[in-house]
Each structure stands twice: as C-alpha cells, then as structure tokens.
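S.K.: Give the three-dimensional model of this entry:
(chains A and B)
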There are 2 protein chains.
Amino acid sequence: MLGVSTDEQYMREALKQAAYAAQEGEIPVGAVVVSRGRIIARAYNQTERLQDVTAHAEMLAITAAANCLGAKYLQDCTLYVTLEPCPMCAGALYWSQLSRLVWGAPDEKRGFARMGTPMLHPKTELKEGVLAAESVALLNEFFLKLRKNGR
Amino acid sequence: MLGVSTDEQYMREALKQAAYAAQEGEIPVGAVVVSRGRIIARAYNQTERLQDVTAHAEMLAITAAANCLGAKYLQDCTLYVTLEPCPMCAGALYWSQLSRLVWGAPDEKRGFARMGTPMLHPKTELKEGVLAAESVALLNEFFLKLRKNGR
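M.R.: Residues are numbered from 1 along each chain as shown, chains lettered A, B, ... in the order given. Okay, here's the model as predicted:
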C-alpha cells in the first residue's frame, strides 16, 4: 500500500481485533505480535466473556506468541496494541523482554507510561500514537452505546 | 492449632504450593485465595513448564478464583502469596479489586511495593512478612541447587 507504513498495516490488524471485541460487548482493545515480518499472535480483550480481569488483549497475545515460538521470551518481536497498556500488561511485557512495543491511543486513566515508574524492559523500544484516532473512535463508539443502553 | 494465626495457616498452604513449584524446577512461589473461610484457588509458578512469563502463581490463582466464583471481582477474598508480587501481578490484583493481600518474603528486586507508585486498588488491605523466613528458605535452597547444577 503506497504511503502506508508497516507499523500502520500491523496496527490495522490490531484494530480489527479490537472491533471483534466491541462486537462481543468487550471494551475494544486488540493486539497482534509480529516476528520477522509475520503475525504470530492475534488477540482481543476478553475480560467479560472469560470473567477474568487478566484476559487483556496484550496478555492473551503474549501467551499466544510464546506458544507459537515455543519460547517464553519475545525477542525479535513487536507487539502492536490499540491502547496504551496498563501496568499489569506492561509488567508482563517486562518479563517477556519484548523487542518493540507500538501502541495507538493513550490511556489517560490507567496507562503505564503515566505511572512515573519505568515498567518495561530496558531492551524494549517504544512507539506511540499509531492510528490513535481510529482506536479512540472505536472506544468512544463503544462507550456511547453502553451509555445509551443504560449500562 | 494453638497460637497459630489464621494468616499463618493459609500461608502454609501457599508455601506447600511453592514447594510443588520447586519440585518441578520452577522458582518456588505459591499462592492461595481464601473466600469466606474457604480456599477457593491454589496455584504455583509455572513459567517454565508453560513457557509463559504470565504464568506467575498470583495470575493463575486470580483466574482460578474468578472461575470458582463465576465473577471477575475478588471481593471478600484474601490472596496469600509467598513472595511480594511483581508489578504485573499487582496490576492484575488492582483490576480484581481484591479485598486483602498477604505476602511472605519481600522481593527486593522486582517487588511492586518498591516501585514508588501505588499499584493496588485502594480497597485492598495489605499485610506483609507472614512466614517470610520459610519462603526465603525455599527460594535460597532452590537457587543454591540451580547454581550447583551450573544453570
């Protein structure tokens, strides 16, 4: 695609995952893990379906990527996620020794980057704000619908 | 048991879990979740067996407890863990709205409490240092064996 960066292409895949979450009544957050130019894991938030607060998109993607690689460290991997990770997910990414983290929209309330503590592994490169507007639009639409339904 | 506190009794159960971890070559950390006087979840660190950095004792215990309760919030629950939780696990405990957290040994390197950021839910009561010496002994024995085996 002319003029579209690789990061944007992969973030679009993460946004597709987020849209699946919204369809299932979950807060729309999606993630993919890319290793050597190949998507090795796709996941979306499933905290409601699984009734499990640990089932964030990033956590499921980390587990799926490790299963795919047969190794617990996500070296040479980039994780794309549509929303800035929370401290739980940042803590998991620390342990994974992820090479690169790319996120979309900022999370003003629970984003790890505003906690004032370095939470990621020193090896992990960061990029933020990729297709942030698309992620925010999905989230806003979801919460607007929730309010309309009086939930 | 005369003179033994309830917290110590439950921490002994968490220590049993930690001992299972050691038997399987995992860093010995164990956890149990207690709800209304009953143990509803038991777990130990399985990061090696599952090749999954998210498989800390606390994470597995949170998921198991939520499954048992059929609800994602661990209200009226106490989680006992033999080692101070890391930021990932503290972040998960935040989302769970756990009522009470009791831990054994401090984790000077990766414990959440030394990160300088409040990470738990404001509702969560804390108690630390319960049977800490027993937990430290298990950890020391484990790492001594690792070094002897040259790993």
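S.K.: Quick check: residues of chain A near chain B?
M.R.: With CB under 8 Å from any CB of the partner chain as the criterion, chain A meets chain B at residues A:47-48, A:51-54, A:59, A:62-63, A:66-67, A:70-73, A:86-92, A:94-96, A:115-117, A:119. Backbone N, C-alpha and C define where each C-beta goes, glycine included.
S.K.: Drop anything exposed from those residues.
M.R.: Applying 16 or more other CB atoms under 10 Å in any protein chain shown to these, the neighbour count classes A:47, A:51-54, A:59, A:62-63, A:66, A:72-73, A:86-92, A:94-96, A:115, A:117, A:119 as buried.
S.K.: Give me the subset of those that lies in helices.
M.R.: Of those, the ones assigned to helices by DSSP state H are A:59, A:62-63, A:66, A:87-92, A:94-96.
S.K.: residue ranges with poor pLDDT in chain A?
M.R.: A:1-3, A:151 (pLDDT under 70).
S.K.: give me phi/psi at the closest residue to A:Leu131 other than its chain neighbours?
M.R.: Nearest non-adjacent residue to A:Leu131, counting by CB to CB, 6 or more residues apart in numbering or on different chains: A:Met11, 4.5 Å away. Main-chain torsions, A:Met11, degrees, to the nearest 10: phi -70, psi -30.
S.K.: pretty sure A:Met11 is in contact with A:Leu79, am I right?
M.R.: No - judged on CB atoms under 8 Å, A:Met11 makes no contact with A:Leu79 at a distance of 11.0 Å.
S.K.: So for those two, which residue has more residues nearby?
M.R.: When A:Met11 and A:Leu79 are compared for neighbours, A:Leu79 comes out ahead with 28 against 25, by other CB atoms under 10 Å in any protein chain shown.
S.K.: Now the residue nearest to the spatial centre of chain A: which helix or strand?
M.R.: In chain A, the centroid-proximal residue (CA atoms, centre = their mean) is A:Val81; its distance is 2.4 Å. A:Val81 belongs to strand A:77-83 when assigned by DSSP states H and E.
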